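> predicted structure and sequence below. I'll ask about it afterward.
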Amino acid sequence: MKVEYVTPFVSASSSVIHTLIGLSAERGKLSARPQLFTSQQVNIVCGITGEIEGQVIYGMSMVTAKKMASKMLGGQPVPEFDQLAASAIAELGNMISGSSSNQLFQSGFKTDITPPTIVKGPNISMSNFDIPTLVIPLNVPEVGELEIAVSLRQRQKQAA
């Protein structure tokens with residue numbers, strides 16, 4: 001996978017998190033997976049379409065999701081991951097993906113995003129047509145770790 005596909009997701013994640021909750025995320029050690037997979041409990045799945053295609057999963061533990069939603073909702077306590085918390089977390093993924101898509105466009109790649117989908121439950125595996133996945137962990141102080149799994153490739157030309 002090309003680094004220019006991944007870099008926008010790292011910078012957009014840090015920027016959006018800082019804008020939304022005023023905290024700076026620290027990037028952890030990158031890792032690679034042969035397929036799109038997450039072991040996190042709460043996942044935001046966003047599709048990427050256009051000249052680059054694939055999926056991105058923003059995964060986190062339930063505790064992290066509740067803390068993130070609480071901060072996004074102005075500090076309102078989130079004792080359970082309800083519809084309001086899910087909506088806030090989905091918006092986080094939407095904002096990061098939208099900003100990433102804009103950065104990809106500025107780099108010469110026309111892309112669009114699909115609406116975010118929240119998937120709860122550990123050990124989620126998704127079909128990604130054997131596109132390798134790069135995983136970027138971001139540690140957000142006072143909140144927890146956000147794992148970004150990026151699985152993108154250049155769109156294959158279709159036969160006429």
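It's in. Residues are numbered from 1 along each chain as shown.
> which elements pack onto the longest strand seen in the chain?
Ordering each strand of the chain by length in residues (DSSP state E) puts strand 144-154 first. Under the contact definition 3 or more CB pairs under 8 Å, 6 or more residues apart in numbering; DSSP states H and E, strand 144-154 sits against helix 3-21, strand 37-38, strand 52-60, helix 62-72, strand 133-140. Using the backbone N, CA and C atoms, a C-beta is placed for each residue, glycine as well.
> can you rerun that using 6 Å?
In terms of contact count using 3 or more CB pairs under 6 Å, 6 or more residues apart in numbering; DSSP states H and E, strand 144-154 is assigned the packing partners helix 3-21, strand 52-60, strand 133-140.
> can you tell me the helix or strand for Val78?
Remark: Val78 resides in no helix or strand, with elements defined by DSSP states H and E.
> how about Ser99?
Taking DSSP H and E as the criterion, the element that holds Ser99 is helix 83-106.
> quick one: mean pLDDT for that helix?
In this model, helix 83-106 has a mean pLDDT of 95.
> and the helix or strand just after that helix, what's buried?
Downstream of helix 83-106, the next assigned helix or strand under DSSP H and E is strand 111-113. Taking 16 or more other CB atoms under 10 Å as the basis for neighbour counts, the residues of strand 111-113 that come out buried are Thr111, Ile113.
> how far off centre is strand 111-113?
Using CA atoms, centre = their mean, to the nearest Å, the distance from the centre of strand 111-113 to the centre of the chain it belongs to is 14 Å.
> quick one: residues in contact with it.
By CB atoms under 6 Å, 6 or more residues apart in numbering, the residues outside strand 111-113 that reach it are Cys46, Ile48, Thr49, Gly50, Ile52, Ser97, Ser101, Leu104.
> most neighbours among these, which one?
When neighbours are counted by other CB atoms under 10 Å, Ser97 leads those with 28 neighbours.
> what's the spacing between it and Leu23?
To Leu23, Ser97 is 20 Å away according to CB to CB, to the nearest Å.
> low-confidence stretches in this structure?
In the predicted model, the chain carries pLDDT under 70 at residues 1, 125-129, 158-160.
> can you pull up the most central residue in it?
A centroid search over the chain (CA atoms, centre = their mean) returns Tyr58, at 3.2 Å, as the residue closest to the centre.
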